[in-house]
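**Q** Provided below are the primary sequence and the corresponding predicted coordinates.
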Amino acid sequence: MSPEEQRNEQDQEEGRWSRRSVLKALVSVPVFGGFLAAYLDKRALERARRQAVLQELGVSETGPAVIEDFMSRPPGERIRLGIIGYGYEGEALTRFAGFASPEWVEDATRRQREDPADKDLETYLAQNDLNVALTAVCDLYGPRAEKAVAASTVDVRPGGGSQSPAKRYDRYTDLLESGDVDAVIIATPDHWHAPISIDAEAAGVHVYCEKCMTRTAEEAVAMLQAFRGSDVVFQLGHQNRQSESHMKAREIVSAEILGPITLIEGTTNRNTPWGAWVWDIPEEAGPGNIDWAQFQENAGGTSPFSLERYFRWRCWYDYGTGLAGDLMSHEYDAVNMVLGLGIPESVVASGGIYYFKDGRDVPDVFQAVCEYPERGLTFMYSATLANGNYRGLQFMGHDGTMRLAGSLDVVPDNDSTRYDEKLEQGIISPDRPMFTYRPGFKGIDAVTSATAEYFASRGLLYTYRGGRRVSAYHLHIAEWLDVIRNGGTPSCDIEAGFEEAITCHMATQSFLEGRKVEWDPVRMQIV
Amino acid sequence: MQRFQTAALVALRLLIGWHFLYEGLAKLTNPYWTSAGYLADAKGPLGDFFSDLAASPGAIAVIDALNAWGLTLIGLGLLFGLLARPAIIAGIVALALYYLAAPPFPGMEYSMPAEGAYLVVNKVLVELAALVVLLAFPTSRRYGLDRLIFGPQPEPTSTAPAAAGRPSTPEPAPVQEVQT
C-alpha cells in the first residue's frame, strides 16, 4: 500500500472530526495569526503617523468647512435674461444658464453617439433648471445674434420645454432700456465691458460680466463707483470661485500649514494657435453683417474694417487686455480668493511678441512680478503661448508648498523648522504630499498614496456637487441668480473685480511703459 | 499526491490568500480609497466601459464596496480553505477584470508607472494562472476548513497512471458529500 493509500484509509477510519482531521483543517490558523499580527502592527504605525500629521496641521480631514450651497432656495420668480456678446464665451455662458444653441445640441448629440465617454450633452441636461427666460440678445455680427435667438427657443434643455423667442437688439442700450430684461450676461470684448455694465446698473439690470472686468484702469474706477452700494447685483466671471479645491486651499492657508508664504507662482502655458487667440473667422462674415462702426466705438475708432480684429480681438490692446487680462487674471483671482491679497503695491512686467508674429500688438510671452511688501510676499506670473508644459499654481511657504490645480496637494519643505522633527522621524517627507485633496471624492487624504497623488495631479478626476458632475460656470451663474432672488454677496463681486482689473492693468501698463508701476490708493490711480 | 506537492499547493493558497486579504482590508480601512482614478485611466478592450463607470459616483460607490469586501472574503476563503472553490473562481474573475482594465499591451501607456517591466504578461496574470492551478488541484478538503464541512478528500494515489495530471478519483464538487 502506498503512503497516500495509507493516509486515505486512516482518514476514513478516524472520521472528519478526529483530532488529527481537525488539526489538518486548521493548518492555516498560525499563518492567519502571523497575518493578524503584521496587519495590526502596520495599522497602528499608519494611524500614529496620520494622527501626528493631522494634529500638527490642525486641518480637518473632510471637504471644505463651508461649501456654500449654490442655490439657497429653489428658484422662485422667473428671471428674464439678456445676453450681450454671443461669441464662444457668450454661447457657453448662455448654455450654462440653460439655453444651448440647436447647433450645439446637434453636435453634442452626434459626439455622444460616436463616443459614449463624451458627457457634454449629459452634463448640460443634468444642470439645475435655473428658471430663467432668455428674452433678449445683442451681438454685432448678424449670424451669431440669430444663433442666440435660436438658442432661446431650444427644446432640448434642463427642465425641458421650448420658450418664446428672444428679441434681437442691434444696440445694447435698447436692450437695457426695453424693460424686457432683469439681468444680463456681458461676454463682449473687454473694451465694451465697462460702458455696458455701467449703463446696466443705471437701468437697474443685474450684471454677470466676463473677465477682464474692464479694458482700462479708469473704467475700473468708474465701475467700482457705479456698483459700490448699488442694489444691482454684479458678478465677475471667474468661475474658479466655485472650485472646491480653491475653497480647501483657503482653509489650508488660514491654518498656516505652509508657514510664512513669500512667493506665489502662477503660470499659463498654451501651445496652439487657438490658445493664442487665432480664432476662426466665419466664411460668411463681412462688412455686410458686422456692425464695425459700433465695434470700434470706445476703442479709438480709427482702424479700418478688419475681420482679424473683429474675430481675434484679444490680439489687440484696442479691444482686449492681452495675457494680463485674459489669463493672468485667472491666476491672480485664484490667489486673491485664497489669500485676499488685494491690489499689489507695485508691478514690474516684461515680455514680447516672440512666436505669433501675425500683426498682433499684445505679447505672447509675458511675465509680471507683483509686490506685496506689507504681506511679505511676491506674486509672480509667467506665461508663454508657445509651450504646453503645465506648471500650475504654487504657494511657497517656509514650511511647505501647496500646489493648486483641479486638485490640491501640500508637500512639506525639506528645511521646514515647524516640521523638522516629523521630517527627521520620517513621518512626513518632501518626496510625497502631506495630504492631497481630491474634489468630489472622499475628502482630504493625509499621507496619501503615490497612486492617488499621481491621478489627482493629472486632473483625471471630475468636479462634483451633491454627487453630480457639474460645471463651475454653471455654479457661478446659478450663484449670481440666487443672489438676485434671495440677496447676499456673489463670490466675485465688484470689490474682487476691481482688484483683479487694477492688478492686470498695472501689469499691462508696466509692460507698455517699460517701467515699474505703483498703485496710489488715495488718488485711485496707477502711477 | 506527494507530500511535497501538497505542501507546495497549500503554501501557494496561503500566500495568495494573504495577498487578497490584505488588499481587501487595506481598502476597507482607508476611508479615502477609491477605484475611480484606476478606472478613469483604464485602457484596453474594456477601457471605455471602465472610464464611464469612473465618471459615475453611484457606480463608483458600488464598485468600491464590491472590491474591498470581495477581496477580503476571497482572501479569507483561500487562507482558511473555507468555500475555497467559489473563492478561487471569484478571485480569477476579479484578477481578470484588473488585467483587462490595464493590460500591458504594446502601445498602451498608463498614468501610473508600473513597478516592473511588463509585456502582455504581468503579475496580475501570473497570480490569475496560479489560481487556475489551485482550481485544478484543490487542497482545502485536506488542509482547510472545507475538510470539516465537506469531509476529507481522498488523496490521489501515486500508483494511479494520471496522478501527476489530475486526481485519479473524479473531482467532486464542493457541495457533494464524498462517500466515506
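**A** Yep, that arrived. Numbers count the residues shown, from 1 in each chain, chains lettered A, B, ... in the order given.
**Q** going forward, measure contacts between C-alpha atoms and count neighbours the same way
**A** Noted.
**Q** Tell me which residue in the stretch 1-150 of chain A sits closest to chain B.
**A** Closest approach between the stretch 1-150 of chain A and chain B, counting by CA to the nearest CA: residue A:25, at 4.0 Å.
**Q** Report the contact partners of the closest residue to chain A within chain B.
**A** Nearest to chain A in chain B, going by CA to the nearest CA, is residue B:144, at a distance of 4.0 Å. Applying CA atoms under 8 Å, 6 or more residues apart in numbering or on different chains to residue B:144 gives the contacts A:24-28, B:80-82.
**Q** Look up phi and psi at it.
**A** According to degrees, to the nearest 10, the main-chain angles of residue B:144 amount to phi 160, psi 170.
**Q** and it, what pLDDT?
**A** The confidence metric pLDDT takes the value 94 at residue B:144.
**Q** Tell me, please, where in chain B the pLDDT is lower than the cut-off.
**A** Along chain B, the model assigns pLDDT under 70 to residues B:1, B:32, B:57, B:111-113, B:156-180.
**Q** change it to 50
**A** Scanning chain B for pLDDT under 50 picks out B:160-180.
**Q** any chance you could map the helices in it?
**A** Ranges of helices within chain B are B:3-28, B:36-40, B:47-54, B:57-80, B:84-101, B:123-136, B:146-150, based on DSSP state H.
**Q** other SSEs contacting the fifth one?
**A** The reference is to helix B:84-101. Using 3 or more CA pairs under 8 Å, 6 or more residues apart in numbering or on different chains; DSSP states H and E, the elements in contact with helix B:84-101 are helix B:57-80, helix B:123-136.
**Q** Next: the fourth one.
**A** Judged by 3+ CA pairs under 8 Å, 6+ apart, helix B:57-80 is in contact with helix B:3-28, helix B:47-54, helix B:84-101.
**Q** could I get those as JSON lines with mean neighbour count and distance to residue A:325?
**A** Formatted as JSON lines, the helices and strands packed on helix B:57-80 follow (neighbours: other CA atoms under 10 Å in any protein chain shown; distance: least, CA to CA, whole Å):
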{"stretch": "helix B:3-28", "mean neighbour count": "19", "distance to residue A:325": "46"}
{"stretch": "helix B:47-54", "mean neighbour count": "20", "distance to residue A:325": "36"}
{"stretch": "helix B:84-101", "mean neighbour count": "20", "distance to residue A:325": "43"}
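**Q** and of the ones you listed, who's closest to residue A:128?
**A** For residue A:128, the closest of the helices and strands packed on helix B:57-80 is helix B:47-54, at 22.0 Å, according to CA to CA.
**Q** Dump the closest one to PDB, restricted to CA.
**A** Below are the C-alpha coordinates for helix B:47-54, written out as PDB (Å, rounded to 0.1, in the frame of the first residue of the first chain):
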ATOM      1  CA  GLY B  47     -11.300  50.800 -21.200                       C
ATOM      2  CA  ASP B  48     -14.300  52.900 -22.300                       C
ATOM      3  CA  PHE B  49     -16.600  51.000 -20.100                       C
ATOM      4  CA  PHE B  50     -14.400  51.400 -17.000                       C
ATOM      5  CA  SER B  51     -13.900  55.100 -17.700                       C
ATOM      6  CA  ASP B  52     -17.600  55.600 -17.900                       C
ATOM      7  CA  LEU B  53     -18.000  53.900 -14.600                       C
ATOM      8  CA  ALA B  54     -15.400  56.200 -13.100                       C
END
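**Q** Spit out the contact partners of whichever residue of the stretch 251-400 of chain A sits closest to chain B.
**A** Nearest residue of the stretch 251-400 of chain A to chain B: residue A:390, at 15.4 Å (CA to the nearest CA). Going by CA under 8 Å, 6+ apart, residue A:390 touches A:268-269.
**Q** now with 7 Å?
**A** Shown in contact with residue A:390 (CA atoms under 7 Å, 6 or more residues apart in numbering or on different chains): residue A:269.
**Q** What is the distance between whichever strand or helix holds residue A:30 and the centre of its chain?
**A** Residue A:30 is located in helix A:29-57, with elements delineated by DSSP states H and E. Its chain's C-alpha centre and that of helix A:29-57 lie 39 Å apart, by CA atoms, centre = their mean, to the nearest Å.
**Q** pLDDT of it, averaged?
**A** 85.
**Q** got the angle between it and helix B:57-80?
**A** Interaxial angle of helix A:29-57 relative to helix B:57-80 (axes from the mean of the first three to the mean of the last three CA atoms, to 10 degrees): 140 degrees.
**Q** picking that back up, I'd like the contacts of residue B:144 as JSON lines, with neighbour count appended.
**A** Below are those laid out as JSON lines (neighbours: other CA atoms under 10 Å in any protein chain shown):
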{"residue": "A:24", "neighbour count": "20"}
{"residue": "A:25", "neighbour count": "27"}
{"residue": "A:26", "neighbour count": "18"}
{"residue": "A:27", "neighbour count": "19"}
{"residue": "A:28", "neighbour count": "22"}
{"residue": "B:80", "neighbour count": "24"}
{"residue": "B:81", "neighbour count": "29"}
{"residue": "B:82", "neighbour count": "24"}
